[in-house]
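S.K.: Predicted coordinates and the sequence they were generated for:
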Amino acid sequence: MRDQRRETKNFFIGKVGVGHLHPVSIQSMTNTDSRDVRASLAQIQQLADLGCEIIRVAVPDRETGEALQEIVAHSPLPVVADIHFDYKLALLAIKNGVHALRLNPGNIGARWKVQEVVKAAQEKSIPIRIGVNSGSLEKEFLDKDGRPTAEGLVQSALKHVEILESMNFDLIKISLKSSQVP
């Protein structure tokens, strides 16, 4: 028997359906140096053999962004580029064929940078995951003592959803992560 699920937007990351009309998918993230294409692809294959359906790869620098082209071309799984700090890495990841992006609102930068990424993602129908992390929550969403709260995590996500939706972009996934929230 299938559990009842809330109705959501449905779309695809590569060939994997996401949303209430599709089964919950298994996603993992590589812990290799993403510049090491051979090691990254070996780990992706191991994860695929274990049932993983979507893989996320850290993109900390331009060299990794360039390596994505080969990783995407040979990966048995759709590849999500995990972007931090530099919106230009998201643009490079899109150019190099990733199936989706994960942006961290706490460190991606100004609204115009997010808008540049959204424009490029729209052109190729690439979904964006807004991945809020309490460890890098924007200062405006911390409590008076400088700590993250559940409400602050939600406010950060909603702020970035608004940016995407204001551009008529709706291929959006949202995740909130915290090791401890009072």
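M.R.: Done, it's in. These figures come from a predicted structure and were not determined experimentally.

S.K.: now the strands for this protein?
M.R.: Remark: strands assigned in the chain by DSSP state E are 11-13, 16-18, 27-29, 54-59, 79-83, 100-103, 128-133, 172-177.

S.K.: Okay, buried residues for the lengthiest helix in the chain please.
M.R.: In the chain, assigned by DSSP state H, the helix with the most residues is helix 150-166. Neighbour counts over helix 150-166 (16 or more other C-beta atoms under 10 Å) mark 152, 153, 155, 156, 157, 159, 160, 161, 163, 164 as buried. C-betas here are computed from N, CA, C, even on glycine.

S.K.: Tell me what the residue most central in space within the chain is bridged to.
M.R.: Nearest to the mean C-alpha position of the chain, counting by C-alpha atoms, centre = their mean, stands residue 102 at 1.6 Å. Assessed by DSSP bridges, residue 102 has beta-bridge partners residue 82, residue 129.

S.K.: Go ahead and confirm it touches residue 82.
M.R.: Yes - judged on C-beta atoms under 8 Å, residue 102 makes contact with residue 82 at a distance of 4.7 Å.

S.K.: Which neighbours do those two have in common?
M.R.: 56, 131 (C-beta atoms under 8 Å, 6 or more residues apart in numbering).

S.K.: Now do the same contact list for residue 166.
M.R.: Going by C-beta under 8 Å, 6+ apart, residue 166 touches no other residue.
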